[in-house]
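J.: Generate coordinates for the sequence data below:
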Amino acid sequence: MTNKRVYNFSAGPSQLPLEVLETARDQMLNYEGSGMSVMEMSHRSSTYQKIFDDTKATLKRLMNIPDNYKILFLHGGATQQFGAVALNLMDKGRADYVVTGNFSKKAAQEAAKFGDVHIAYDGKDNNYTHIPTQDELDIRDDIDYVHICQNNTIYGTEWNYVPDTKGAPLVADMSSDILSRPVDVSRYGVIYAGAQKNMGIAGLGVVIIREDLIKPHKENIQVLAEYDTMADKDSMYNTPPAYAIYVLGLVLKWVEKQGGLEEMEKRNIKKAALLQDYLDQSDFYIYETEKGSRSRMNVAFKTPNKDLDAKFVKESIEAGMTNLKGHRAVGGIRASIYNAMPYEGVEYLLQFMKKFEEENR
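T.: Residues are numbered from 1 along each chain as shown. The predicted structure is shown next:
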């Protein structure tokens, strides 16, 4: 058994800042003199209410969320919102989805259970290596909303602009790049995210929704999908994912302490450039994601063949790294370099890649 921590390049659940883990460890048995763990607290207690309120206030401050938006902390991660978005926002029964990867495809499939879903763009023909330009989007008139997945963890692409939706509310799944850079929240109707990639631990879904989009719910939907009910009860209709909200609060405080989202963006640009620039000049590694569509959070690439991919993953584990195996849908290698991944971790990966290239040509 070793106490040495590895460089964890997992796409999610992902690496957390060490400082966050240490704080959670120190507070595990006795949170601030309460005599109990946050895991054991009543969500109705004044001690937990302060954790909840502080977490929400810090998120609002960090992301500069306007006053006419509600923040909801819900169960089920991002996937729960695939259906909830459609159930709450489909008044006319029509929505357009931009499919740029696996999760936007799943979101579209779920929403199609509840209304007329039109695929405004599908990147399957280019193997999802490209984010569409505005001209490539076939957005209809008179729709309830347009849905995008802002960062695609499997294929390593990311939107670098906010699309024109012809006045329809823009709904964005930001699970894997939220908190990685400043975002103008006012340009979105709904932002939602699973916490386990860049915000904290699994089980928590964060929804940021403009108040005018919170309308009386349909009669035939489950109560935990009702945005109006959850907003009215301040996310506490039932017991919320209490410990995950606590960890989110620790992560938010850490981000704020580092210098906020502006500083996170600077660090993420620097980390991504280090890895992507090397891949661009290498004639050994295969990096197919188009420039202009590349994610700062997830970098997906391959070696010349599948056997070398497997060897790369095996030897990377022996070298003190983990979770570099690409998603089963595409294979290859994937390095997820979220906020918590230090620059030194990317440097260490790069040294390994150079050595592997030299030894396996």
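J.: where along the stretch 201-350 of the chain do the helices fall?
T.: When assigned using DSSP state H, counting those that start in this stretch, the helices of the stretch 201-350 of the chain occupy the ranges 227-232, 242-258, 260-281, 306-318, 343-359.
J.: As JSON lines, the ones you listed with mean neighbour count would be great.
T.: All C-beta atoms are positioned from the backbone trio N, CA, C, and that covers glycine. Shown next, in JSON lines, are those (neighbours: other C-beta atoms under 10 Å):
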{"stretch": "helix 227-232", "mean neighbour count": "18"}
{"stretch": "helix 242-258", "mean neighbour count": "21"}
{"stretch": "helix 260-281", "mean neighbour count": "16"}
{"stretch": "helix 306-318", "mean neighbour count": "15"}
{"stretch": "helix 343-359", "mean neighbour count": "15"}
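J.: for those, which one sits closest to residue 23?
T.: Distance to residue 23, taken as C-beta to C-beta, is lowest for helix 242-258 among those, at 5.5 Å.
J.: now the closest one against helix 260-281, angle please.
T.: Helix 242-258 runs at 80 degrees relative to helix 260-281, counting by axes from the mean of the first three to the mean of the last three C-alpha atoms, to 10 degrees.
J.: Please state the offset of helix 242-258 from the chain centre?
T.: Between the centre of helix 242-258 and the centre of its chain there are 15 Å (C-alpha atoms, centre = their mean, to the nearest Å).
J.: Put the alpha carbons of that helix into CSV.
T.: Extracted as CSV, the C-alpha positions of helix 242-258 are listed here (Å, rounded to 0.1, in the frame of the first residue of the first chain):
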residue,chain,number,x,y,z
ALA,A,242,-25.7,17.2,0.8
TYR,A,243,-22.1,16.0,0.9
ALA,A,244,-21.6,16.7,-2.8
ILE,A,245,-22.8,20.3,-2.3
TYR,A,246,-20.3,20.6,0.6
VAL,A,247,-17.5,19.4,-1.6
LEU,A,248,-18.6,21.8,-4.4
GLY,A,249,-18.3,24.6,-1.8
LEU,A,250,-14.7,23.6,-1.0
VAL,A,251,-13.9,23.5,-4.7
LEU,A,252,-15.4,27.0,-5.3
LYS,A,253,-13.5,28.5,-2.4
TRP,A,254,-10.3,26.9,-3.9
VAL,A,255,-11.0,28.4,-7.3
GLU,A,256,-11.7,31.8,-5.7
LYS,A,257,-8.5,31.6,-3.7
GLN,A,258,-6.5,30.8,-6.9
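J.: Quick one: list the elements packing against that helix.
T.: Contact here means 3 or more C-beta pairs under 8 Å, 6 or more residues apart in numbering; DSSP states H and E; on that basis helix 242-258 packs against helix 18-26, helix 46-63, strand 204-210, helix 260-281.
J.: Contacts for the second one, please.
T.: Taking contacts as C-beta atoms under 8 Å, 6 or more residues apart in numbering, the residues outside helix 46-63 that touch it are 31-32, 34, 38, 41-43, 65, 71, 73, 179, 182-183, 185, 206, 208, 235-236, 240, 242, 245-246, 248-249, 252-253, 255-256, 260-261.
J.: do the same with the shortest one
T.: Taking C-beta under 8 Å, 6+ apart as the criterion, the residues outside strand 204-210 that touch it are 59, 63, 65, 68-78, 80-81, 84, 169, 178, 185, 188-196, 199, 227, 231, 241, 244-245, 248.
J.: what kind of secondary structure is residue 118 in?
T.: Classification of residue 118 by DSSP: H, G, I helix; E, B strand; the rest coil places it in strand.
J.: Arrange the helices and strands packed on helix 242-258 in a markdown table, one row each, with mean pLDDT and distance to residue 353 as further columns.
T.: Formatted as a markdown table, those follow (pLDDT from 0 to 100; distance: least, C-beta to C-beta, whole Å):
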| stretch | mean pLDDT | distance to residue 353 |
| --- | --- | --- |
| helix 18-26 | 97 | 24 |
| helix 46-63 | 98 | 33 |
| strand 204-210 | 98 | 34 |
| helix 260-281 | 98 | 7 |
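J.: export the ones you listed to JSON lines and tack on distance to residue 135?
T.: Formatted as JSON lines, the helices and strands packed on helix 242-258 follow (distance: least, C-beta to C-beta, whole Å):
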{"stretch": "helix 18-26", "distance to residue 135": "42"}
{"stretch": "helix 46-63", "distance to residue 135": "30"}
{"stretch": "strand 204-210", "distance to residue 135": "27"}
{"stretch": "helix 260-281", "distance to residue 135": "26"}
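J.: if we can go back for a sec, looking at the helices of the stretch 201-350 of the chain, which is closest to residue 221?
T.: Residue 221 sits nearest to helix 227-232 of all the helices of the stretch 201-350 of the chain, at 9.9 Å, using C-beta to C-beta.
J.: State the mean pLDDT of that closest one.
T.: Mean pLDDT, computed over helix 227-232, is 97.
J.: Report the buried members of the contacts of strand 204-210.
T.: 59, 63, 65, 69-78, 80-81, 84, 169, 178, 188-196, 199, 227, 231, 241, 244-245, 248 (16 or more other C-beta atoms under 10 Å).
J.: sorry, back to before: how about the helices and strands packed on helix 242-258, which one is nearest residue 128?
T.: Among the helices and strands packed on helix 242-258, the nearest to residue 128 by C-beta to C-beta is helix 260-281 (17.2 Å).
J.: List of residues touching the closest one?
T.: By C-beta under 8 Å, 6+ apart, the residues outside helix 260-281 that reach it are 62-63, 179-183, 255, 258, 285, 287, 294-297, 299, 301, 335, 337, 339, 341, 343, 346-347, 349-350, 353-354.
J.: can you give me the strands for the stretch 1-150 of the chain?
T.: Per DSSP state E, counting those that start in this stretch, the stretch 1-150 of the chain has strands spanning 7-8, 69-75, 94-99, 116-122, 145-149. These are given in chain order.
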